[in-house]
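*Asks:* pasting the sequence and the predicted coordinates here, then a few questions.
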Amino acid sequence: MSTEVFIPPRHEPPERVPGLLRGIVSLRGDVLRALPRIAFRREVMAVRVLRRQVVVVNHPEVVRDVFVTRGAIYGRKSHFKEQALSPVIGESLFANHGPLWAARRPAVARLLHPSGVDRFQPAFQDTGRVLLRDWRAGSAAGAVDVAPALAAATLRIMLHAVFGPQVPEDESTAIAEAFSDYQSRVQVIDLPHLVGLPSWTMGLQGVRARRAANEIRRRVGRLIASGLGEGGLLPGMRAARDEAGNPLLDEAGLLDEVAMMLLAGSETAANALAWTLFLLASDPRWQERVRAEAVAVLGDREPEAAELSRLSVNKAVLQEAMRLYPPVAILARQATAPDRIRHWQLRPGDTLLCIPWLLHRQEAIWDAPHAFKPERFLPENARSIPRFAYLPFGVGARVCAGAAFGMAEMQTLLAMLVRGFHFDPPEGPAPLPRFRLTLRPEGGMKLRLRPL
Ligand code: HEM
């Protein structure tokens, strides 16, 4: 058996930072591709783009210092994130800050608290069954593009979690397609803001992006009005109260938060799973280890919530996939007060970035940073990973509220899928990552599946 380590594909970083014009062109397409080789070694970097300072922190201690110790200054999402998300999620807490965020965050965090995640296990199992059914039917035809199927599956899980099990099956496919369309159309870099133009210029997202956003909100609004919700999170969201005992969310607030939950909880997990399957298809030894563990722990039963902690190879593989391909590849904030990071001065409105794509491959921290080595995350090794070096779920006060939900969902689907199929790599060129709102495989993820 080969002991070679698999080095998954990525765009080769340029030797130097591209000039402003080339940089702007590459920023529009994919900011990660513009990061030069040296960025993987630097602790802090700064770029001035005409009127704005952009500071990138890329070392665990600096990340802690800025995102945790001085987190209050950086509680606001960057201008481009706010602008890119608001057509879909409106005023939701995800893109908001200050009193609105402070009031809504605890309510949402309570609903998604790790202690209650077990109740969603039937949604995970049910969707795993649907994927097995669909892929068994599709695999005979050759390669299957697992990316859109996983996007629909994770959306189905979120719909089930929010509205209960009665949501029509085709609704998840329709909303997942609209999300996908939105992501490929929306501008993820706010160039007007960086060069000092008024903020409304980016508010003019393209017609296609607007249309996709409207379609998502129309469908979600219809589901909220339909009376579905029993057994899901919706009744808890309606019942949430502020400190004065008044309803926390009016109808508009409810639409914003449900749309946010569907977006935050589906594309992220779908991309993490698509990259995981690709890595396993490319490294059959790890594929076999995940499968052997699933068979040893579960036999041919579907995973129960209490059994997930025994699937440590499965978890390590997912964690390594999110190290190499972090679904949220950039954490972006704007300074709300003057601040200084090392010798760089930030003014209110300047941008602070932590780029997990860089931090997770920081050469001073990770051995063989570009190699697929899930053993790093096995229980016996994971303790040596520095805190704040690995941030797939973000960091500080705005850390992901659905991390436990996401891990349980991904572990369940992965265990069911590796028991159902052998995955082989795609024919032709390997997929490359493309930065949009999430880190997606460019052109989809066509894998060859053999039913087991
Ligand atoms: C693999 C799955 C997931 C990944 C990688 C992920 C990642 C993230 C990251 C990185 C953030 C912080 C973004 C930032 O600081 O700019 C975040 C925020 C958030 N996520 Fe997740 N997420 C996942 C799944 C979920 C799920 C399943 C839910 C809901 C059920 C969820 C709900 C949220 C919410 C509500 C926030 C906003 C927190 C705040 O701003 O206070 N996420 N997520």
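*Replies:* Structure's in. What do you need? Just so we're clear, the structure is a prediction, and the values are computed from it rather than from any experiment.

*Asks:* near the ligand, which residues of the stretch 301-450 of the chain are found?
*Replies:* Residues of the stretch 301-450 of the chain lying close to the ligand (Cβ under 6 Å from any ligand atom) are P327, V328, L331, P392, F393, G394, R398, C400, A401, G402, F405, G406. The C-beta positions use only the backbone N, C-alpha and C, and glycine is treated the same way.

*Asks:* kindly recompute the last result at 8 Å.
*Replies:* 322, 326-328, 331-333, 356, 391-403, 405-407, 409-410 (Cβ under 8 Å from any ligand atom).

*Asks:* find the residue at the geometric middle of the protein.
*Replies:* Nearest residue to the geometric centre of the chain (Cα atoms, centre = their mean): T268, 2.9 Å.

*Asks:* hang on, the earlier thing: which of the residues of the stretch 301-450 of the chain next to the ligand are buried?
*Replies:* Buried subset of these (neighbour count, 16 or more other Cβ atoms under 10 Å): 322, 326-328, 331-333, 356, 391-396, 398, 400-402, 405-407, 409-410.

*Asks:* just to revisit the earlier point, quick one, what contacts the residue nearest to the centre of the chain?
*Replies:* P327, V328, G406, T438 (Cβ atoms under 8 Å, 6 or more residues apart in numbering).

*Asks:* pretty sure it sits in a helix.
*Replies:* Yes: judged by DSSP: H, G, I helix; E, B strand; the rest coil, T268 forms part of a helix.

*Asks:* where in this protein is the helix or strand with the lowest mean pLDDT?
*Replies:* Every helix and strand in the chain was compared by mean pLDDT, DSSP states H and E; the lowest is helix 200-203, with a mean of 46.

*Asks:* wait, does the helix or strand that comes right after that one contact the ligand?
*Replies:* As assigned by DSSP states H and E, the chain's next helix or strand after helix 200-203 is helix 207-225. No: Helix 207-225 lies out of reach of the ligand by Cβ under 8 Å from any ligand atom, never closer than 14.5 Å.

*Asks:* which of the contacts of T268 fall within helices?
*Replies:* The helices, defined by DSSP state H, take in G406 from these.

*Asks:* what's the most distant pair in the contacts of T268?
*Replies:* G406 and T438 (12.4 Å; Cβ to Cβ).

*Asks:* and the residue of the stretch 351-452 of the chain nearest the ligand?
*Replies:* Nearest residue of the stretch 351-452 of the chain to the ligand: G402, at 2.1 Å (Cβ to the nearest ligand atom).

*Asks:* my read: that residue touches L112, true?
*Replies:* Yes: G402 is within contact range of L112, at 4.9 Å (criterion: Cβ atoms under 8 Å).

*Asks:* the nearest residue in space to A403 that is not next to it in sequence sits in which helix or strand?
*Replies:* Among residues not flanking A403 along the chain, F393 sits closest, at 4.2 Å (Cβ to Cβ, 6 or more residues apart in numbering). Secondary structure from DSSP H and E places F393 outside every helix and strand.

*Asks:* do the same with R48
*Replies:* R48 belongs to strand 44-49, assigned by DSSP H and E.

*Asks:* following the helix or strand where A274 lies, which helix or strand comes up?
*Replies:* Per DSSP H and E: A274 is located in helix 251-282. For helix 251-282, the following helix or strand on the C-terminal side (DSSP H and E) is helix 284-298.

*Asks:* and after that following helix, which helix or strand comes next?
*Replies:* Assigned by DSSP H and E, the successor of helix 284-298 is helix 312-324.

*Asks:* other SSEs contacting that next one?
*Replies:* Using 3 or more Cβ pairs under 8 Å, 6 or more residues apart in numbering; DSSP states H and E as the contact test, the elements touching helix 312-324 are helix 251-282, helix 284-298, helix 403-420.

*Asks:* could you pull out the helices for the stretch 101-250 of the chain?
*Replies:* Listed in chain order, the helices of the stretch 101-250 of the chain (DSSP state H, counting those that start in this stretch) span 121-139, 146-163, 169-185, 191-194, 200-203, 207-225, 234-239.

*Asks:* avg pLDDT for the first one?
*Replies:* The pLDDT scores in helix 121-139 average 93.

*Asks:* what's next to that helix, contact-wise?
*Replies:* Helix 121-139 is contacted from outside by 144, 146, 149-150, 153-154, 156-157, 160-161, 165, 169, 302-305, 408-409, 412-413, 416-417, 420-421, 448-451, using Cβ under 8 Å, 6+ apart.

*Asks:* what residues sit buried inside the helix holding A274?
*Replies:* 253-282.

*Asks:* just to revisit the earlier point, export the helices and strands packed on helix 312-324 to TSV and tack on mean pLDDT?
*Replies:* TSV is the format used below for those (pLDDT from 0 to 100):
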stretch	mean pLDDT
helix 251-282	96
helix 284-298	98
helix 403-420	98
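
*Asks:* so for K315, which of those helices sits nearest?
*Replies:* Among the helices and strands packed on helix 312-324, helix 403-420 sits nearest to K315 (Cβ to Cβ), with 6.0 Å.

*Asks:* next, count neighbours for the nearest residue to L262 once chain neighbours are set aside.
*Replies:* Closest residue to L262 apart from its sequence neighbours, by Cβ to Cβ, 6+ apart: M158 at 4.9 Å. M158: 29 surrounding residues under other Cβ atoms under 10 Å.

*Asks:* from V258, how far out is M158?
*Replies:* According to Cβ to Cβ, to the nearest Å, M158 and V258 sit 9 Å apart.
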